[in-house]
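Trainee: kindly return the folded structure for what I paste below:
(2 chains, ligands or ions: 2)
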Amino acid sequence: MSALAHVPTSSGQAAAPPPRRGRHTALPYLLLLPGAAWLLVFFALPLLQLAAASLYDPGGSLSTGYAMTWAVGNYPEALQAYWPQFVRSFLYSAIALVLALLMGYPLAYAIAQKAGRWKNLLLVAVVAPMFTSFLVRTLAWKTILSDNGWVVGLLRDVHLLGPDGRLLATPVAVVLGLTYNFLPFLVLPLYASLERLDPRLLEAASDLYASPLRAFQKVTLPLSMPGLIAGTLLFFIPATGDYINAELLGTPNQYMIGNVIDSAFLVRLDYPQGAALSFLLMAAILAIVFVYLRKAGTEEVL
Amino acid sequence: MTMGHETPAGDLRLANLTKRFGVFTAVDDLSLTIPQGSFFALLGASGCGKTTTLRMIAGLEEPTSGQVLLGDRDIAGLRPYKRPVNTVFQSYALFPHLDIHENVAFGLRRRGIRNVGDQVERMLALVQLEGYGRRRPAQLSGGQQQRVALARALINHPQVLLLDEPLGALDLKLRRQMQIELKRIQTEVGITFVHVTHDQEEAMTMADTVAVMNAGRIEQLGRPADLYEYPATAFVANFLGQSNLLAGEAAGRSGDDALVTAHGLRFSVPAGRARVDRGPVFLGVRPEKLHLVERPEQVPAGHQHVGGVVTDASYVGVSTQYLVRTAWGSELSAFSANSGVGGQLPLGAAVVAHWDPRHAFLLPRESGEDDQTTPLLDQPPVGVLS
Ligand SMILES: Nc1ncnc2c1ncn2[C@@H]1O[C@H](COP(=O)(O)OP(=O)(O)O)[C@@H](O)[C@H]1O
Ligand SMILES: [Mg+2]
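Mentor: Ligands and ions are numbered 1, 2, ... in the order given. The predicted structure is shown next:
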């Protein structure tokens, strides 16, 4: 058996054949062209413009016009004025993420592994709410959580809420709204990962002395990591920047950073501040995503 | 720890084990005893219930009824991770996210054993995969993955090791080497091996005891030579090697012989080689026990014979395999060793096929079944039945 037992000296495979020349090498770039052009016109240029706006003279206004004064001080000022909303944004979406994971992981697992012939129907059920507008769904939650709705009535009856306790216009409502609205973004990538999980691996784990809990920890969880990472990012990023839920289900006391940016641009017409806040939010999210990917193992995602 | 790896195991016993999937019975009232430390082969065609039987022993499938006993303990109620049994899966089921080292260490780690490094290295050496520890399963060939699966199960020193067609993906040469290797490992570690295969040669060369399974039942169980020399049913006679089976009627005993009439000819078989001696029977003779001569005078004393015409001859090197058509139209197959004695028989030659009655056997037959001859060169090529 000596012929088999040899240990290769390097893990590298045979050198790849030299790339073919001519129009074949240009094809991938041609395919990139439409998307790249789109991103340039509708993302990169506006982003530059926004960056410029964030450095305009804060003393200007729409009517008098803005002067480019490289006013770097817009950033600390904006942060000082609105840091509570910043903190609240991350706090609310983090809590919503935990709730969504508690609901979404078992849900994705059940659909992927246990649903049998109901699988497609259940998937449609997860996606179906997206057929109506985000706004309409959130307005529906306003009705569901309203003071004379049955949810509040029930909670009052079982004394989880005081006789005049309410859900609407509280942090609870905003967090629940976020959880509900972004749940599919978590469930779908998770489902895709768990769907590929071979149940025979769980049998093998169980044959090798792993209790169901251990098998989950050592096999299911690591194998669903790509979906878990993608899902948490797809949930967390838009949830942090969201302003609809706080607007419709909360009060100014629950406002998140999205609401502040919204009013800076559309109500207070303070463009430099709105732009600076946008960049701060972007930077914060990028930093969090970066740290998260470093910790969670980029190998599976990138 | 409830696994009791330290206590002597005792025999593995299956008692009236049955598994139904809906109305379909995959394993049908199976009862057998596998002595501790033996190499037991479960042989049968694809779909006959071999995997289902192993899964019930491992605890991955719940029996519809019946018991699985290890020593005196009924383990049928134990969850799989509590059973002192490990499996080499037909699909390997290696963990793709773990490297080879961690795959092999998996069972030890789950049992809370630390410092597994040395054990894993030794086990990888045993299956000749030294230096592969840091690779992922996807970077290994099918044969290497199979050996990882073997190492991953064996490292736990279970009381019973279940092997579900563990050599199925190997090419012929490696398969033979691994057969010898497996047999050596089994003798060394003294663990009970239950080896499932559809390859009769593999079962015969490796196992102390072979059970031939058909449609969820055990057709026959015994030492490989006993099964081959004196099969119990037509299925076994055809599945294990090849056989010429002549449809006849047994007419009871005469002294130490059982008498048979087939196609108007009278034959006899020693009573000790007759599974039945009345009613419809098959008179069986293995092709290598059937000798061909040109004239009736050449038939040795005491041998029985039928006449025929050579219709096909295949020269396969060590032997020549002939087909002989009898007067009633059936074909018999006969292997003649290329020992240098006697020449080749031409096609169309009138011959007499004769055999020693002590090499024949009588098997029960469903009335209505006709002669059966395994066609020439139809020994299932290795690996075709999956
Ligand atoms: N989970 C199942 N549901 C329904 N039928 C099954 C199931 N598992 C096995 N079977 C059937 O039981 C029979 C025996 O299967 P198996 O034990 O895998 O056969 P083998 O391993 O001998 O090829 C097959 O006909 C198969 O289709
Ligand atoms: Mg099988």
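
Trainee: all contacts plus neighbour counts: C-alpha atoms, from now on.
Mentor: Will do.

Trainee: how about the single nearest residue of the stretch 1-150 of chain A relative to ligand 1, phi and psi?
Mentor: Closest approach between the stretch 1-150 of chain A and ligand 1, counting by CA to the nearest ligand atom: A:Gly116, at 13.0 Å. Per-residue torsions, A:Gly116: phi 60, psi -130 (degrees, to the nearest 10).

Trainee: element containing the residue lying closest to A:Gly149 once chain neighbours are set aside?
Mentor: Computed as CA to CA, 6 or more residues apart in numbering or on different chains, the closest residue to A:Gly149 that is not its neighbour in sequence is A:Thr143, at 6.9 Å. Assigned by DSSP states H and E, A:Thr143 belongs to helix A:134-144.

Trainee: list the buried ones in that helix?
Mentor: A:Arg137, A:Thr138, A:Leu139, A:Trp141, A:Lys142, A:Ile144 (16 or more other CA atoms under 10 Å in any protein chain shown).

Trainee: in contact with residue 79, which residues are there?
Mentor: Picked chain A for this. Residues near A:Leu79 by CA atoms under 8 Å, 6 or more residues apart in numbering or on different chains: A:Leu277.

Trainee: oops, chain B please
Mentor: B:Arg79 makes contact with B:Gly59, according to CA under 8 Å, 6+ apart.

Trainee: coming back round to it: and the gap between the residue of the stretch 1-150 of chain A closest to ligand 1 and chain B?
Mentor: Distance, A:Gly116 to chain B, by CA to the nearest CA, to the nearest Å: 17 Å.

Trainee: now A:Leu79
Mentor: 43 Å.

Trainee: that residue - that's part of a helix, no?
Mentor: Yes. Counting by DSSP: H, G, I helix; E, B strand; the rest coil, A:Leu79 is located in a helix.

Trainee: hey, C-alpha coordinates of the helix or strand where B:Thr320 lies in PDB?
Mentor: Assigned by DSSP H and E, B:Thr320 falls within strand B:319-326. In PDB, the C-alpha atoms belonging to strand B:319-326 read as follows (Å, rounded to 0.1, in the frame of the first residue of the first chain):
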ATOM      1  CA  SER B 319     -10.400 -22.500 -16.700                       C
ATOM      2  CA  THR B 320     -12.700 -23.000 -19.600                       C
ATOM      3  CA  GLN B 321     -16.400 -22.500 -19.000                       C
ATOM      4  CA  TYR B 322     -18.700 -24.600 -21.100                       C
ATOM      5  CA  LEU B 323     -22.500 -24.500 -21.700                       C
ATOM      6  CA  VAL B 324     -24.000 -27.900 -22.400                       C
ATOM      7  CA  ARG B 325     -27.500 -28.200 -23.800                       C
ATOM      8  CA  THR B 326     -29.400 -31.300 -22.500                       C
END
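
Trainee: tell me the SS of the residue nearest the centre of chain B?
Mentor: In chain B, the residue lying closest to the centroid (CA atoms, centre = their mean) is B:Leu43, at 3.4 Å. Here B:Leu43 takes the strand state, with states given by three-state DSSP.

Trainee: dump the residue contacts of it.
Mentor: By CA under 8 Å, 6+ apart, B:Leu43 lies in contact with B:Lys50, B:Val196, B:Thr197, B:His198, B:Asp199, B:Gln200, B:Ala203, B:Val210, B:Ala211, B:Val212, B:Met213.

Trainee: tell me the SS of the residue in the stretch 201-302 of chain A that chain B sits nearest to?
Mentor: Proximity to chain B, evaluated over the stretch 201-302 of chain A using CA to the nearest CA, is greatest for A:Tyr209 at 4.0 Å. Here A:Tyr209 is recorded as coil under three-state DSSP.

Trainee: my read is that it contacts B:Ile113, right?
Mentor: No. Using CA atoms under 8 Å, A:Tyr209 is not in contact with B:Ile113, being 11.9 Å away.

Trainee: the more surrounded of these two?
Mentor: A:Tyr209 (26 against 10; other CA atoms under 10 Å in any protein chain shown).

Trainee: how close does the more buried one get to B:Asn156?
Mentor: 10 Å (CA to CA, to the nearest Å).

Trainee: list residues touching both of these two?
Mentor: What both A:Tyr209 and B:Asn156 touch, as defined by CA under 8 Å, 6+ apart, is the set B:Gly107.

Trainee: chain B: helices as residue ranges?
Mentor: Applying DSSP state H to chain B gives helices spanning B:50-58, B:100-110, B:117-126, B:142-154, B:172-189, B:200-206, B:224-229, B:234-239.

Trainee: so where's chain B uncertain?
Mentor: Applying pLDDT under 70 to chain B picks out residues B:1-9, B:374-386.

Trainee: and if you look at chain A?
Mentor: Scanning chain A for pLDDT under 70 picks out A:1-24, A:297-302.

Trainee: quick one, helices of it?
Mentor: Under the criterion DSSP H, chain A carries helices at the ranges A:23-39, A:45-53, A:74-109, A:119-127, A:134-144, A:150-157, A:171-195, A:199-207, A:212-215, A:221-223, A:225-241, A:244-249, A:257-266, A:271-296.

Trainee: what does the fifth one contact?
Mentor: Outside helix A:134-144, the residues that touch it by CA under 8 Å, 6+ apart are A:Pro129, A:Gly149, A:Trp150, A:Val151, A:Leu168, A:Gly177, A:Asn181, A:Ile244, A:Asn245, A:Leu248, A:Leu249.

Trainee: out of the residues you listed, which are buried?
Mentor: With burial judged by 16+ other CA under 10 Å, the buried subset of these is A:Val151, A:Leu168, A:Gly177, A:Asn181, A:Ile244, A:Asn245, A:Leu248, A:Leu249.

Trainee: gap between the fourth one and A:Gln113?
Mentor: The one in question is A:Asn181. For A:Asn181, the distance to A:Gln113 equals 24 Å [CA to CA].

Trainee: same thing with the first one?
Mentor: Summarising the geometry, the distance separating A:Val151 from A:Gln113, computed by CA to CA, is 32 Å.

Trainee: again with the fifth one
Mentor: Summarising the geometry, the distance separating A:Ile244 from A:Gln113, computed by CA to CA, is 34 Å.

Trainee: what do you get for the last one?
Mentor: Note on A:Leu249: its distance to A:Gln113, by CA to CA, is 35 Å.

Trainee: A:Ala94 too?
Mentor: 27 Å.

Trainee: neighbour-wise, which of those two wins?
Mentor: Neighbours were counted for A:Ala94 and for A:Gln113 using other CA under 10 Å; A:Ala94 has more, 19 against 16.

Trainee: the more buried one and A:Phe236 touch, don't they?
Mentor: Yes. Between A:Ala94 and A:Phe236 there is a contact under CA under 8 Å: 7.2 Å.

Trainee: once you drop chain neighbours, what's closest to A:Tyr109?
Mentor: Leaving aside its sequence neighbours, A:Tyr109 sits nearest to A:Leu194 (CA to CA, 6+ apart; 6.1 Å).

Trainee: distance of the one you found relative to B:Ser254?
Mentor: Applying CA to CA, the value for A:Leu194 to B:Ser254 is 71 Å.

Trainee: what about the two, which has more around it?
Mentor: Set side by side, A:Leu194 and B:Ser254 show more neighbours around A:Leu194, with 26 against 11, by other CA under 10 Å.

Trainee: for that one, give me its contacts.
Mentor: Applying CA under 8 Å, 6+ apart, the residues near A:Leu194 are A:Ala108, A:Tyr109, A:Ala112, A:Gln113, A:Thr220, A:Leu223, A:Ser224, A:Gly227.

Trainee: contacting residues for the fourth one?
Mentor: The neighbours of A:Gln113, taking CA under 8 Å, 6+ apart as the test, are A:Leu194, A:Glu195, A:Pro199.

Trainee: show me what from the stretch 201-302 of chain A comes close to chain B.
Mentor: Residues of the stretch 201-302 of chain A lying close to chain B (CA under 8 Å from any CA of the partner chain) are A:201, A:203-204, A:206-211, A:214, A:219, A:222-223.

Trainee: switch to 6 Å and redo it
Mentor: Proximity of the stretch 201-302 of chain A to chain B, by CA under 6 Å from any CA of the partner chain, involves residues A:Leu201, A:Ser206, A:Asp207, A:Leu208, A:Tyr209, A:Ala210.
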